[in-house]
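Participant: coords below, sequence missing:
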C-alpha cells in the first residue's frame, strides 16, 4: 500500500512526523467520502495507538463487543490496555437461561431465584395467580373458609328471626345483605373500586324493597321483575354514554346487570311466606357451616345437603310446614352451595370472601325460598 497521506487529512498535519523508533503507520485506503473519526479507537493488532487523526471510522459491520471484528477480516484481536472492553451483561443469569428451556419461561424455582416471575422474563405483564394455577394444572378455587361461613350463618339467623317478628323487621338484615351482595360481586369480578356500579345496584335493590312493601306480598313478582327490568334498561343507557372502549363497556355492563339482579332477587325473602323464610334461612346457615368443615369436597357437599334437610325438618316442626320443611331446606341449601361455589372461583381475595362469600349463598337461596314456600304453603 502507498504511504501517501490521505487527502482529507486535518490542516497542518504532517503524516511523516511519527514517534521515534516507530515505523510509519500504513493508512488503509478507504473509499472516497468516508467519515473521519476524531475520537480514540483501536487497531486490529496490539500496538501503540496512533494519533487520533490517523484513524478513520470504518464503513459498516463494526462491532463494539468484547471480541470486535477488525479491519481487513481480522477477528477477535485483543484491545489495547487503555481501552478495556466492557463485558456484556445478559438480561437474566445464565443459570436461568439454561433452566428456562425452549419455551423462554422460567420454572417456579428459577423464577424465585431470579427475583421475578415468568411473565417478566418474556416482557409481558405479570400473570395472575389464577392464570398461573391453570397453566400448572391446579384448580383456581379457594373456598371462603369458616369465618365467612360463620358470618353467613349469623346473617341467615337474623333473617330467620326477623321473619318471625314481622315484615318490616325483615327489611333491616335484608338491606345489609343486598349491600354486601352488590359490593362483593364487583370485587369478585376484579372491578374495584366501582362506586357508581355498586351504588346503582344497591339503589335498585332498595327500590325493589320499597315497591314490594308498597304493592304487598301478593304482587311481589310484578314488583321484583318490574324493578329488575327498569334497572337493566337504566344500566344499558348509562353504559352507552360511557367513553370507554367497547370491551370495557361490555364488561362493566354485564357486571352491573348481574350485581343489580342478585341484589334485587334477594328481595324474595320479604316476598315469601314468613314460615318459609324462617325455615329456609336456618337451612342455609346450617348448610354453609357444614360446607366449611375440613372434609373432602364431595363428602362436604353431601353432609351440607343432609344438614340443610335436617334443619328444615327441625325448624319446620316449629312452624306450619312440618316435615315438608325438609324439601324447602334441601332446595335452599342446594342454592346456597351454588352461591358458595361461585364466591370461591378464580382465586378470590380475603375481601371477596368476606363480601361475596358471605352474601352470595343467601342471595342465591332467595328464589328457592320464595318458590318452594308458595308451592308447599
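Facilitator: Now that the structure is in, tell me what you want to look at. Keep in mind it's a predicted model, so treat the numbers as computed, not measured. Residues are numbered from 1 along each chain as shown.
Participant: Which pLDDT does the model give the nearest residue to residue 179 once chain neighbours are set aside?
Facilitator: The spatially closest residue to residue 179, leaving aside those adjacent along the chain, is residue 202, at 5.5 Å (C-beta to C-beta, 6 or more residues apart in numbering). The way it works is simple: take the backbone N, C-alpha and C, and place the C-beta from them, glycine included. Note for residue 202: predicted pLDDT of 94.
Participant: do residue 104 as well
Facilitator: 44.
Participant: Adjust the sequence numbering to begin at 577 for everything that follows.
Facilitator: Sounds good: first residue 577 from here, last item residue 680.
Participant: Low-confidence stretches in the stretch 577-726 of the chain?
Facilitator: Applying pLDDT under 70 to the stretch 577-726 of the chain flags residues 577-707.
Participant: wouldn't the residue nearest to residue 755 be in contact with residue 839 here?
Facilitator: Yes - Residue 778 lies in contact with residue 839 (C-beta atoms under 8 Å); the separation is 6.3 Å.
Participant: Name the residues contacting each of these two.
Facilitator: Residues touching both residue 778 and residue 839 comprise 754, 758, with contact defined as C-beta atoms under 8 Å, 6 or more residues apart in numbering.
Participant: quick one: buried residues of stretch 903-921?
Facilitator: 903-913, 915-920 (16 or more other C-beta atoms under 10 Å).
Participant: out of residue 778 and residue 839, which sits in the busier spot?
Facilitator: Neighbours were tallied for residue 778 and for residue 839 using other C-beta atoms under 10 Å; the higher tally belongs to residue 839 (32 against 20).
Participant: correct me, but the more buried one touches residue 758?
Facilitator: Yes - because the distance of 4.8 Å satisfies C-beta under 8 Å, residue 839 is recorded as touching residue 758.
Participant: other SSEs contacting the strand or helix carrying residue 783?
Facilitator: If you go by DSSP states H and E, residue 783 is part of helix 771-791. Judged by 3 or more C-beta pairs under 8 Å, 6 or more residues apart in numbering; DSSP states H and E, helix 771-791 is in contact with helix 743-764, helix 796-816, helix 822-841, helix 844-847.
Participant: Quick one: mean pLDDT for the next helix or strand after the shortest one?
Facilitator: By that I understand helix 844-847. Next along the chain after helix 844-847, taking DSSP H and E as the criterion, comes helix 850-867. Average pLDDT, helix 850-867: 94.
Participant: Helix 850-867 packs against which elements?
Facilitator: Partner elements for helix 850-867 (3+ C-beta pairs under 8 Å, 6+ apart): helix 722-741, helix 844-847, helix 873-892, helix 901-918, helix 932-952.
Participant: What angle do helix 873-892 and the longest one make with each other?
Facilitator: Going by axes from the mean of the first three to the mean of the last three C-alpha atoms, to 10 degrees, helix 932-952 is angled at 50 degrees with respect to helix 873-892.
Participant: what do you get for the first one?
Facilitator: Here helix 722-741 points in a direction 20 degrees away from that of helix 873-892 (the same axes, to 10 degrees).
Participant: Name the residues of helix 722-741 that come out as buried.
Facilitator: 724-725, 727-729, 731-736, 738-739.
Participant: and which of these is nearest to residue 794?
Facilitator: Among the buried residues of helix 722-741, residue 739 lies closest to residue 794 (C-beta to C-beta), at 17.2 Å.
Participant: who touches the nearest residue to the closest one once chain neighbours are set aside in this structure?
Facilitator: Spatial nearest neighbour of residue 739, excluding adjacent residues (C-beta to C-beta, 6+ apart): residue 853 at 3.7 Å. Contacts for residue 853 (C-beta under 8 Å, 6+ apart) come out as 735, 736, 739, 746, 845, 846, 945, 949.
Participant: do the same with residue 752
Facilitator: Shown in contact with residue 752 (C-beta under 8 Å, 6+ apart): residue 731.
Participant: Isn't residue 847 up against residue 788?
Facilitator: Yes - counting by C-beta under 8 Å, residue 788 is a contact partner of residue 847 at 5.9 Å.
Participant: hey, what's in contact with both of the two?
Facilitator: Common neighbours of residue 847 and residue 788 (C-beta under 8 Å, 6+ apart) are 796, 799, 800.
Participant: From residue 788, how far off is the second one?
Facilitator: Spelled out, that is residue 799. Note on residue 799: its distance to residue 788, by C-beta to C-beta, to the nearest Å, is 5 Å.
Participant: do the first one as well
Facilitator: Counting by C-beta to C-beta, the separation of residue 796 from residue 788 is 6 Å.
Participant: list residues touching both of these two?
Facilitator: 843, 846, 847.
Participant: Could you single out the nearest of the residues you listed to residue 861?
Facilitator: residue 846 (18.2 Å).
Participant: Mind pulling the model confidence for the spatially closest residue to that closest one that is not a sequence neighbour?
Facilitator: Nearest non-adjacent residue to residue 846, counting by C-beta to C-beta, 6+ apart: residue 746, 5.2 Å away. Per-residue confidence (pLDDT) for residue 746: 92.
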